[in-house]
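Trainee: What follows is a predicted protein model with its sequence.
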Amino acid sequence: MDTATKPTGLKFPDLLVYRGYSAPVRIEGDVFDLEVEGTLPFELNGAYVRNSADPHFPPLLGTDIFLNGDGMLHMLRFDNGRVHLKTRYVRTEKFELENRAGHALFGAYRNPFTDLPEVAGKDGGTANTSVLWHAGKLLALKEASRPVEVDPLTLDTRGVHDFNGALVSQTFTAHPKVDPLTGEVIAFAYNAPGRSSREIEIYWIAPTGEITRTEVFEAPYCSMVHDFHVSRNHIAFTICPMVNDWERVQRGEPFFHWDSTKQTHVAVIPREAGVAAIRWYTCPVVAMQTHTFNAWEETKGGGTVLHLDHFITGSGWLSQFPDLHDPNAKEKPPFAQRWSFDLASSAGTFEIRKLFDHIGEMPVVDPRHLMSRARHFWFGSNNPALGPMLEWGPKGPPFTCLGHFDEAAGKLNFWYAGPDSAPEEPLFVPRSADAAEGDGWLLSVVGRRAQNRTDLVVLDALDIAAGPVATVRMPCRIHEGFHGTWMPQPLPGG
Ligand code: V55
Ligand code: FE
């Protein structure tokens, strides 16, 4: 071995992103029969799979952002009263190449100009953001690269999934939407060539998993398009000024900057007619969409009003991406907003109001009500009235609470996770396929930060304030994660 490249020791630098509860875990393993406090609902049969960014190696450039860690899947499998934990890295090309080398080969987030020459042209995708369970396939997703298929039982990596060659982009969103009535998936890709681009591809994916239609439209500028909206009849993109400029990337600058001099635009696209019928709206205020709850249509005065429910902040997002104009800019917390578009009007304006008056993020609705009106909204939050804020991590302030907004009752409910406890993105699981909206459980991974350990709580989704009906105790920490999904039993081969 060439002594110049021989690793001489492996150590993560002492930076916030690698410290404390955010420290890399890197353990691939199985824990069978986790301890459970309380009683697991007998109907809860299936698997919760989620994704996280757990860096395998210390960063090539001495530092990194948390969004760039290697995809590590966590699966909690509920099997007739027993719960098992499985953790596995997504064996991306990046993971395999670096694993062989014994050190990092890829550099900064989505910046091929900072990679070592030996991996030029190789796939630096991390597959670290979310998972899609569709047409019998489990896909690990990252918006910067193509989906990676993993085995839904073993989590072993099967390889990059290009939909039998039908995927034209080098990228694919981490937030595809599954139509609960038809089984169709609507997805998209921005920066489709794998570098900065204003073109955005939209994909229509049949219940059988084939891409049946692809359309392209052009955004007013190139920026992060992390999430989007799909209603029964419309697709909507909120284009926000978290800008991306390939010249800055080439100069080794951060991949995104917040540019408050640019406006936020909304594209409304009919699902049937497609981009030929695109309509653009300009947002009258500074707005950054973080994540979406839902989109739905309402018939009003013979016309259609399209409602987009989402978390919006009036500043940049994801603290690692600097403000283009103000080095001292402070991020503002997101609030849930409803943006309403009277499609019969040609005024080109829309109405903005708060859906409820409380900060939050990581929104979910009952997935069976996606694309049509939902009554119940769940989210991660902080509520200082219930308990103190926790020490900031690399993602900003950890949640201390989960929230539930019942719109019909006009009620906000909270569950406070306890001292030194940080719940993560909630997941709704219905009691049964035909249970009423909201009748089921809210699952959340909870960081027990003082114990350096992780739990999973099961709450009654319509009474979260009552506290967990069951707490599944993990004997170890699993890395903080992003997004997950539920795979109901029976699982293939299970
Ligand atoms: C987000 C997450 C990402 C990313 C870009 O949460 C945006 C937003 C986990 O990776 O690459
Ligand atoms: Fe996300």
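Mentor: Looks like it came in fine. Ligands and ions are numbered 1, 2, ... in the order given.

Trainee: can we go C-alpha only for contacts and neighbour counts from here?
Mentor: OK.

Trainee: Show me what from the stretch 201-350 of the chain comes close to ligand 1.
Mentor: Within the stretch 201-350 of the chain, the positions lying close to ligand 1 (C-alpha under 6 Å from any ligand atom) are residue 226.

Trainee: Low-confidence regions, the stretch 201-350 of the chain specifically.
Mentor: Within the stretch 201-350 of the chain, the set of residues satisfying pLDDT under 70 is empty.

Trainee: just the helices in it please.
Mentor: Here the stretch 201-350 of the chain has its helices, by DSSP state H, counting those that start in this stretch, at 246-250.

Trainee: quick one, strands of it?
Mentor: 211-218, 229-230, 234-239, 242-243, 257-258, 265-270, 279-282, 288-300, 303-313, 335-342 (DSSP state E, counting those that start in this stretch).

Trainee: would JSON lines of those with mean neighbour count and distance to residue 74 be doable?
Mentor: Converted to JSON lines, these look like this (neighbours: other C-alpha atoms under 10 Å; distance: least, C-alpha to C-alpha, whole Å):
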{"stretch": "strand 211-218", "mean neighbour count": "15", "distance to residue 74": "28"}
{"stretch": "strand 229-230", "mean neighbour count": "28", "distance to residue 74": "26"}
{"stretch": "strand 234-239", "mean neighbour count": "23", "distance to residue 74": "30"}
{"stretch": "strand 242-243", "mean neighbour count": "25", "distance to residue 74": "30"}
{"stretch": "strand 257-258", "mean neighbour count": "24", "distance to residue 74": "31"}
{"stretch": "strand 265-270", "mean neighbour count": "20", "distance to residue 74": "35"}
{"stretch": "strand 279-282", "mean neighbour count": "16", "distance to residue 74": "39"}
{"stretch": "strand 288-300", "mean neighbour count": "21", "distance to residue 74": "22"}
{"stretch": "strand 303-313", "mean neighbour count": "22", "distance to residue 74": "26"}
{"stretch": "strand 335-342", "mean neighbour count": "21", "distance to residue 74": "28"}
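
Trainee: can I get the ones you listed in CSV with distance to residue 165?
Mentor: As requested, those are arranged in CSV below (distance: least, C-alpha to C-alpha, whole Å):
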stretch, distance to residue 165
strand 211-218, 10
strand 229-230, 25
strand 234-239, 24
strand 242-243, 30
strand 257-258, 33
strand 265-270, 25
strand 279-282, 30
strand 288-300, 29
strand 303-313, 33
strand 335-342, 37
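
Trainee: So which of these is nearest residue 22?
Mentor: strand 288-300 (21.3 Å; C-alpha to C-alpha).

Trainee: Off-centre distance for the closest one?
Mentor: Offset of strand 288-300 from its chain centre (C-alpha atoms, centre = their mean, to the nearest Å): 17 Å.

Trainee: Any idea how many residues pack against residue 252?
Mentor: Neighbour count for residue 252, taken as other C-alpha atoms under 10 Å: 14.

Trainee: for residue 186, same thing?
Mentor: Per other C-alpha under 10 Å, the neighbour tally for residue 186 reads 22.

Trainee: hang on, the earlier thing: between the strands of the stretch 201-350 of the chain, which one is nearest to residue 10?
Mentor: strand 257-258 (31.6 Å).

Trainee: Now do that closest one: distance to the chain's middle.
Mentor: 20 Å.

Trainee: list the helices and strands it packs on?
Mentor: On a contact count with 3 or more C-alpha pairs under 8 Å, 6 or more residues apart in numbering; DSSP states H and E, strand 257-258 meets strand 242-243.

Trainee: who's in contact with the strand it packs on?
Mentor: Contacting residues not belonging to strand 242-243 are listed as 221-224, 256-259, 288, 316-317 [C-alpha atoms under 8 Å, 6 or more residues apart in numbering].

Trainee: now with 6 Å?
Mentor: 222-224, 256-258 (C-alpha atoms under 6 Å, 6 or more residues apart in numbering).

Trainee: As TSV, these with distance to residue 340 would be great.
Mentor: Shown next, in TSV, are those (distance: C-alpha to C-alpha, whole Å):
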residue	distance to residue 340
222	25
223	23
224	23
256	28
257	28
258	25
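
Trainee: Out of those residues, which is nearest to ligand 1?
Mentor: residue 224 (7.3 Å; C-alpha to the nearest ligand atom).

Trainee: Nearest spatial neighbour of that closest one, chain-adjacent residues omitted?
Mentor: Leaving out its chain neighbours, the residue that sits closest to residue 224 by C-alpha to C-alpha, 6 or more residues apart in numbering is residue 242, at 5.6 Å.

Trainee: Beta-bridge partners for the one you found, please?
Mentor: Here residue 242 sits in beta bridges with residue 258, going by DSSP bridges.

Trainee: And residue 203, by the same measure?
Mentor: On the basis of DSSP bridges, residue 203 is bridged to residue 187, residue 214.

Trainee: How many residues are close by it?
Mentor: For residue 203, the neighbour count with other C-alpha under 10 Å is 23.

Trainee: Quick check: it touching residue 214?
Mentor: Yes. At 4.8 Å, residue 203 counts as touching residue 214 under the criterion of C-alpha atoms under 6 Å.

Trainee: Could you list the buried residues of the helix ranked longest in the chain?
Mentor: With secondary structure taken from DSSP state H, the chain has its longest helix at helix 93-101. Using 16 or more other C-alpha atoms under 10 Å as the test for burial, helix 93-101 gives 93-95, 97-98.

Trainee: same check, this time on stretch 440-451
Mentor: Those would be 440-449, for stretch 440-451 by 16+ other C-alpha under 10 Å.

Trainee: Now find how far off-centre that stretch is within its chain.
Mentor: Remark: stretch 440-451 is offset 17 Å from the chain centroid, using C-alpha atoms, centre = their mean.

Trainee: got the contact list for that stretch?
Mentor: Stretch 440-451 is contacted by residues 420-424, 426-431, 454-461 when judged by C-alpha under 6 Å, 6+ apart.

Trainee: The same query, at a cut-off of 8 Å, please.
Mentor: By C-alpha under 8 Å, 6+ apart, stretch 440-451 touches 21, 417, 420-432, 453-462, 464, 477, 480.

Trainee: Return the subset of the residues you listed lying in strands.
Mentor: Among the contacts of stretch 440-451, the members found in strands (DSSP state E) are 421-423, 427-430, 453-460.

Trainee: Tell me which two in those are the farthest apart.
Mentor: Of all pairs in those, the most separated under C-alpha to C-alpha is 430 and 453 at 27.5 Å.

Trainee: Those two: who's more crowded?
Mentor: residue 430 (21 against 18).

Trainee: quick one, what contacts that one?
Mentor: Residue 430 makes contact with 366, 437-441, according to C-alpha under 8 Å, 6+ apart.

Trainee: swap in residue 333?
Mentor: 313, 359-360.

Trainee: next one: residue 188
Mentor: 172-173, 176, 200-203.

Trainee: Of these, which pair is most distant in space?
Mentor: Across the contacts of residue 188 (C-alpha to C-alpha), the longest gap, 13.8 Å, separates 176 and 200.

Trainee: Give the helix, strand or coil label for the residue in the stretch 351-494 of the chain that ligand 1 sits nearest to.
Mentor: Nearest residue of the stretch 351-494 of the chain to ligand 1 (C-alpha to the nearest ligand atom) works out as residue 482 at 6.5 Å. Following DSSP: H, G, I helix; E, B strand; the rest coil, the label given to residue 482 is strand.

Trainee: and it, how many neighbours does it have?
Mentor: The number of residues near residue 482, taken as other C-alpha under 10 Å, comes to 17.

Trainee: I figured it was touching residue 52, is that so?
Mentor: Yes. Contact criterion C-alpha atoms under 8 Å: residue 482 and residue 52 qualify, at 5.6 Å.

Trainee: overlap in contacts of the two?
Mentor: Common neighbours of residue 482 and residue 52 (C-alpha under 8 Å, 6+ apart) are 129-130.
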